[in-house]
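Visitor: Provided below for reference: sequence and predicted model.
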Amino acid sequence: MKYSTLFGKTTKSAPHDAQSTNARLLTQAGFINQLMAGVYTYLPLGLRVLKKIQDIVRGEMNALGAQEIYMPALHPKDIYDTTGRWDKIDVLFKLEGHGEKEYALGSTHEEVVTPLVQQYIRSYKDLPMAVYQIQDKFRNEPRAKSGLLRGREFSMKDLYSFHTSEEDFLQFYERAKQAYLNVFRRCGLDAMIVEAGGGVFSKFSHEFQVATENGEDLVYRCACGFAQNREIAEVKAGDPCPSCQKGIIEEIKTIEVGNIFPLKTRFTDAFGFKVAGPNNEMMEVVMGCYGIGPSRVMGSIVEVHHDERGMIWPKQTAPFAVQLISLSSKDATLRENIEETCASLEKDLEASGVEVLWDDRDAGAGEKFADADLIGIPLRIVVSEKTLAEESVEWKERSETQSRFVKLADIIEEINEVTFLDRKTKTAHA
RNA sequence: CGGGCUGUGGCGCAGUGGUAGCGCGCUUCGUUCGGGACGAAGAGGCCGCGGGUUCAAGUCCCGCCAGCCCGACCA
């Protein structure tokens, strides 16, 4: 991909009202554009990142045995009348259609998925089963803030599982926990599992929290792995850890990137969803739900992985694996040579599954380097008069300060050896 | 929903009641070419919106809207 044709530009100065790190860097680098408070357009660079995160999530959900579906975002009021949540969900966006018919924009999908599954699943033999979707959710937050961290429209993966027993549910719940940890690890995030309140549904739930200064949650944790959300914490900073007895509890700011919790029969009861059991008796259906916000994950990655020059994308979420930079020359022949070298490099790298963003602009070195640092692609490869004299390119990793020369002939080999780059795989959904 | 700050070319900002400005970016030409180069010539404005005061309002007054931050809130 040639940078000169990419839609979306970097700006030298940051937008004055993008205060949080993720909003500032993502906006300045041309990844996202704000429409209103808490609502953003994803430009090509940003959309690439978002899709990669969503694909990581998708892969782990599929590995769990869950199946992807896609439910409507526009909901009729009556399904909420069944569960009594029309006036309970205070962030619900409500709207009116023709004939005063009332609708809501989906903030979560229990009211849609439960009767949906009920239509098809009538026997204990069909359970357990789990379905998920990745969709924009709408929440009328009293205060949207911190860029992608708390929006009013945001990407969410919501998974729902159905079981004939509490034991079976718990088993799945633990597997889902592992899948979640896999997702965050692959996204370059060090997520901790935090005990949290269960809301109106049950006594407990688990949140996946990432430590960051712009976080809105407070977590009390110990190095041993014990961690509680402020809402339910029975400890405070400085206390001895109640779990390992040795550590000291510390207080950290975090952002919640995922939340899983038991719904028991809260929704299946409301819809009268039971299945036929082995002795022809009707069995209760136990349910769980599991959320991850890919857009929030994206914001969190920026909060965690950046320096004073810009973002530093972990390999699997980077918009491109390599940023190729051509530096012009006053010599016409050399200029052409540089151009051709870059074109063939781009072709070869793409052919071996490495995504390349080629900064082919007629711009100075300083500008190109500064933009590359801002955009934060893991590997920068420079082709110039200087490097061509050595039959080489300059090779610099975004997370390192040193660079080195690599012979043109060795690049593909070198690329194949590095582990910090993501490779396109053919297994992804079409 | 309370409190604070801010709204002026695409972005960042200055502007004392009296002709709308600067830097970046953008267009054209030339010179440059390894950390945001230089010269020349241009284009680009409902000064957030609506009222009011005044001979005259970007500037003063009233109301509203929007964005950011703090708090409350966060199935």
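Guide: Done, it's in.

Visitor: So the residue in chain A that RNA strand B sits nearest to, which state does it fall into?
Guide: Proximity of chain A to RNA strand B (CB to the nearest atom of the strand) peaks at A:Gly366, 2.4 Å away. The way it works is simple: take the backbone N, C-alpha and C, and place the C-beta from them, glycine included. Secondary structure assignment for A:Gly366 (DSSP: H, G, I helix; E, B strand; the rest coil): helix.

Visitor: Tell me the helices and strands packed up against the one helix or strand A:Ile338 maps to.
Guide: Using DSSP states H and E, A:Ile338 sits within helix A:332-351. With contacts defined as 3 or more CB pairs under 8 Å, 6 or more residues apart in numbering; DSSP states H and E, helix A:332-351 has these neighbours: strand A:322-326, strand A:356-359, strand A:379-383, helix A:385-388, helix A:411-417.

Visitor: distance between the second one and the chain's centre?
Guide: Taking CA atoms, centre = their mean, to the nearest Å, one finds strand A:356-359 lying 24 Å from the centre of the chain it belongs to.

Visitor: Give me the contact list for it.
Guide: A:1-4, A:6, A:319-326, A:342, A:345-346, A:349-350, A:368, A:371-372, A:375, A:377 (CB atoms under 8 Å, 6 or more residues apart in numbering).

Visitor: could you dump the helices and strands packed on helix A:332-351 to a markdown table with distance to A:Cys187, mean neighbour count and mean pLDDT?
Guide: Below are these laid out as a markdown table (distance: least, CB to CB, whole Å; neighbours: other CB atoms under 10 Å; pLDDT from 0 to 100):
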| stretch | distance to A:Cys187 | mean neighbour count | mean pLDDT |
| --- | --- | --- | --- |
| strand A:322-326 | 20 | 26 | 97 |
| strand A:356-359 | 20 | 23 | 97 |
| strand A:379-383 | 19 | 24 | 98 |
| helix A:385-388 | 33 | 16 | 96 |
| helix A:411-417 | 22 | 14 | 93 |
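
Visitor: Could you export those as TSV, including distance to RNA strand B?
Guide: Formatted as TSV, the helices and strands packed on helix A:332-351 follow (distance: least, CB to the nearest atom of the strand, whole Å):
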stretch	distance to RNA strand B
strand A:322-326	8
strand A:356-359	10
strand A:379-383	4
helix A:385-388	4
helix A:411-417	14
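
Visitor: re earlier: if we go by neighbour counts, what in the helix holding A:Ile338 is buried?
Guide: Within helix A:332-351, the residues that count as buried by 16 or more other CB atoms under 10 Å are A:338, A:341-342, A:345-346, A:349.

Visitor: what's the answer for stretch A:249-261, then?
Guide: Buried, per 16+ other CB under 10 Å, within stretch A:249-261: A:249, A:252, A:254-261.

Visitor: Which single one of those is nearest to A:Lys12?
Guide: Distances from A:Lys12 to the buried residues of stretch A:249-261, taken as CB to CB, are shortest for A:Ile255 (28.6 Å).

Visitor: looking at it, that closest one is touching A:Leu149, isn't it?
Guide: Yes. With contact defined as CB atoms under 8 Å, A:Ile255 reaches A:Leu149; the gap is 5.6 Å.

Visitor: Residues that sit against both of those two, list them.
Guide: With CB under 8 Å, 6+ apart, A:Ile255 and A:Leu149 have common neighbours A:214-216, A:296, A:299-300, A:303.

Visitor: Quick one: which of those has the lowest pLDDT value?
Guide: The lowest pLDDT within these belongs to A:Asn214, with 84.

Visitor: Could you list which residues are in contact with that one?
Guide: A:20-22, A:146, A:149, A:253, A:255, A:303.

Visitor: Give me the subset of those lying in helices.
Guide: Mapping those onto helices (DSSP state H) picks out A:21-22, A:303.

Visitor: Neighbour-wise, which one of those residues leads?
Guide: A:Asn22 (27 neighbours; other CB atoms under 10 Å).

Visitor: Find the helix or strand that A:Ile134 is a member of.
Guide: strand A:129-138.

Visitor: next structured bit after that strand?
Guide: Next element after strand A:129-138 (DSSP H and E): strand A:153-163.

Visitor: That following strand: what's the following helix or strand?
Guide: helix A:166-186.

Visitor: tell me the angle of that next one relative to strand A:129-138?
Guide: 50 degrees (axes from the mean of the first three to the mean of the last three CA atoms, to 10 degrees).

Visitor: Convert the helix or strand containing A:Ala370 to PDB, retaining C-alpha atoms only.
Guide: If you go by DSSP H and E, A:Ala370 is part of helix A:365-375. The C-alpha coordinates for helix A:365-375 follow below in PDB (Å, rounded to 0.1, in the frame of the first residue of the first chain):
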ATOM      1  CA  ALA A 365      13.500  12.300   5.600                       C
ATOM      2  CA  GLY A 366      12.600  14.000   8.900                       C
ATOM      3  CA  GLU A 367       8.900  14.200   8.000                       C
ATOM      4  CA  LYS A 368       8.800  10.500   6.900                       C
ATOM      5  CA  PHE A 369      10.700   9.300  10.000                       C
ATOM      6  CA  ALA A 370       8.500  11.400  12.300                       C
ATOM      7  CA  ASP A 371       5.300  10.000  10.700                       C
ATOM      8  CA  ALA A 372       6.700   6.400  10.900                       C
ATOM      9  CA  ASP A 373       7.300   6.900  14.600                       C
ATOM     10  CA  LEU A 374       3.900   8.300  15.100                       C
ATOM     11  CA  ILE A 375       2.100   5.500  13.200                       C
END
